[in-house]
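Asker: Coordinates for the following, if possible.
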Amino acid sequence: MAYKIKKGDDVFVLSGKDKGKTGKVLKIVKSSENKSIDKAIVEGINIVKKHNKQSATTKAGIESIEKPIYLCKLSIIDPKTKKPSRVGFKKLKDGKKVRFIKKSGETLT
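Answerer: Numbers count the residues shown, from 1 in each chain. As a prediction, this is how the structure comes out:
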């Protein structure tokens with residue numbers, strides 16, 4: 001299945017505690033089963049604090065980490081208008097399938 005959001009895209013958060021924030025996709029986390037419940041880890045979004053217990057190899061403390069967020073809660077930012085936009089797929093004349101912004105027609109790499 002082709003994803004409309006890929007690693008390195010600038011995205012806008014549509015809903016949740018970080019609604020209205022923007023960030024860059026660091027990683028796409030695929031579902032362990034064959035369900036379409038896929039998530040993305042976005043830079044600076046959905047940050048939680050993790051409490052680490054001291055052991056022989058790790059130091060005790062609290063660290064902030066980025067947790068995955070559902071892809072349906074994200075929208076790609078149009079590089080031309082800098083606003084959140086919808087994405088579609090189209091085939092070029094050479095047969096290559098590319099993503100494009102529906103409103104501006106700008107192609108994404």
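Asker: quick one: low-confidence ranges for the protein?
Answerer: 1, 34-36 (pLDDT under 70).
Asker: Please enumerate the strands of it.
Answerer: Taking DSSP state E to define them, one finds strands in the chain at 10-13, 22-29, 39-42, 47-52, 61-66, 69-70, 74-77, 84-85, 87-91, 97-101, 107-108.
Asker: tell me what the last one is packed against?
Answerer: Contact here means 3 or more CB pairs under 8 Å, 6 or more residues apart in numbering; DSSP states H and E; on that basis strand 107-108 packs against strand 97-101. Using the backbone N, CA and C atoms, a C-beta is placed for each residue, glycine as well.
Asker: for the strand it packs on, the distance to its chain's centre please.
Answerer: 17 Å (CA atoms, centre = their mean, to the nearest Å).
Asker: how about it as CSV, C-alpha atoms only?
Answerer: Extracted in CSV, the C-alpha atoms of strand 97-101 (Å, rounded to 0.1, in the frame of the first residue of the first chain):
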residue,chain,number,x,y,z
LYS,A,97,3.4,7.1,-9.9
VAL,A,98,3.9,10.3,-7.9
ARG,A,99,2.2,12.1,-5.1
PHE,A,100,0.8,15.6,-5.7
ILE,A,101,-1.0,18.4,-3.7
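Asker: Which positions in it come out as buried?
Answerer: By neighbour count with 16 or more other CB atoms under 10 Å, strand 97-101 contains the buried residues Arg99, Phe100, Ile101.
Asker: CSV for the residues you listed, including distance to Pro68?
Answerer: Formatted as CSV, these follow (distance: CB to CB, whole Å):
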residue, distance to Pro68
Arg99, 21
Phe100, 26
Ile101, 24
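Asker: would TSV of the strands of the chain with distance to Ala2 be doable?
Answerer: Below are these laid out as TSV (distance: least, CB to CB, whole Å):
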stretch	distance to Ala2
strand 10-13	17
strand 22-29	12
strand 39-42	15
strand 47-52	29
strand 61-66	24
strand 69-70	17
strand 74-77	14
strand 84-85	17
strand 87-91	7
strand 97-101	7
strand 107-108	12
